[in-house]
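Chemist: coords please:
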Amino acid sequence: MLRSTLAGLRVAVTRSADRAHQLVDLVCAAGADVVSVPVFGVVLRPPDPALATAINGLTPSDLVAVTSVNGVRALSALNVTLPSGLVAVGGATADAARSAGFQVRLVPAKQTAAALAEAVGPGNGRVVFMAAAAAGPDLQAGLETLGWRVDRHDVYDTRLLTPDQRSMVAANRCDLVAFTSGSTARGWVEAGGARLPAVSIGPKTSAVARHLGFRIEAEAVSHDLEGLIEALVVAAERSVPPSI
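Modeler: Residues are numbered from 1 along each chain as shown. From the prediction side, this is the model:
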């Protein structure tokens, strides 16, 4: 069904190069042609011994929170033991954490920072939040409102990339552009991307894209790659014209 629905469409994928392959494979498997133009990259900060000490000092009533696969990568580099496991914002993050040997205590049904805070619920312990430098305040504010003491650590940065001109010309001829974060939407614009009809992985990403002037054809119901593929199908069914 997906193959016939997306056949003939061209989709621009903007995800960082180290994480684009899975999305590219899924979009191709659904029948679309893909132009991959990574518009931002991720740089992990050097492991912080003080952060490792703080995590090793947590008690079973404390938590570690991660909101991305990159947060898991940074946590793994610390070589720490988590007395009560961790909480993760989504399925892909949770899978990465399990693969790294961590116990995942909780994953919210809705994959947003606000939903993670709500799922954790009230508490009076500590939460070490492994954050992107550009991460918003939703998770920390939500947890603190519920009584937790949040120790936020920015463990990785994002940086804009400039795709080559030929790639951008091809990308700008696509029918749809897929955004997996606000960073991809901002990076696309900075790289000279056209205001193509867009699909988004979730409400935060949609808000950034709309602010930048994009029309969101569809937003993923489940905020993961499978949900993004379903959003592409919805966009295609809304009569996005096939490429000629």
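
Chemist: What are the buried residues along stretch 9-28?
Modeler: Of the residues in stretch 9-28, 9-16, 19-20, 23-24, 26-27 count as buried by neighbour count, 16 or more other Cβ atoms under 10 Å. (Each C-beta comes from the backbone N, C-alpha and C, glycine too.)

Chemist: now stretch 113-123
Modeler: Quick answer for stretch 113-123 (16+ other Cβ under 10 Å): 113-117, 120.

Chemist: Give me the contact list for that stretch.
Modeler: 61, 63, 65, 67, 87-89, 106-109, 127, 135-136, 138-139, 141-143, 145-148 (Cβ atoms under 8 Å, 6 or more residues apart in numbering).

Chemist: When you filter the residues you listed down to buried only, what's left?
Modeler: The neighbour count (16+ other Cβ under 10 Å) marks 63, 65, 67, 87-89, 106-108, 127, 135, 138-139, 142-143, 148 as buried among those.

Chemist: tell me the least confident of those residues?
Modeler: Within the buried ones among the contacts of stretch 113-123, residue 135 has the lowest pLDDT, namely 85.

Chemist: Dihedrals phi and psi, it?
Modeler: phi -60, psi 140 (degrees, to the nearest 10).

Chemist: Could you do residue 139 as well?
Modeler: phi -70, psi -50.

Chemist: Skipping its backbone neighbours, what lies nearest it in space?
Modeler: residue 113 (3.9 Å; Cβ to Cβ, 6 or more residues apart in numbering).

Chemist: What strand or helix carries residue 155?
Modeler: Residue 155 belongs to strand 149-160 when elements are defined using DSSP states H and E.

Chemist: so what secondary structure elements neighbour the next helix or strand after that strand?
Modeler: Where DSSP H and E defines the elements, the next helix or strand beyond strand 149-160 is helix 165-171. Secondary-structure packing of helix 165-171 (3 or more Cβ pairs under 8 Å, 6 or more residues apart in numbering; DSSP states H and E): strand 33-36.

Chemist: Work out the gap between the next helix or strand after the strand it packs on and the centre of the chain.
Modeler: Downstream of strand 33-36, the next assigned helix or strand under DSSP H and E is strand 40-44. Chain-centre distance of strand 40-44: 13 Å, with Cα atoms, centre = their mean, to the nearest Å.

Chemist: From the contact counts, what lies against the longest helix seen in the chain?
Modeler: Longest helix in the chain, counting residues (DSSP state H): helix 225-237. For helix 225-237, the contact count by 3+ Cβ pairs under 8 Å, 6+ apart identifies helix 2-6, helix 20-29, strand 176-179, strand 198-200, strand 216-219 as packing neighbours.

Chemist: Noted, bye for now.
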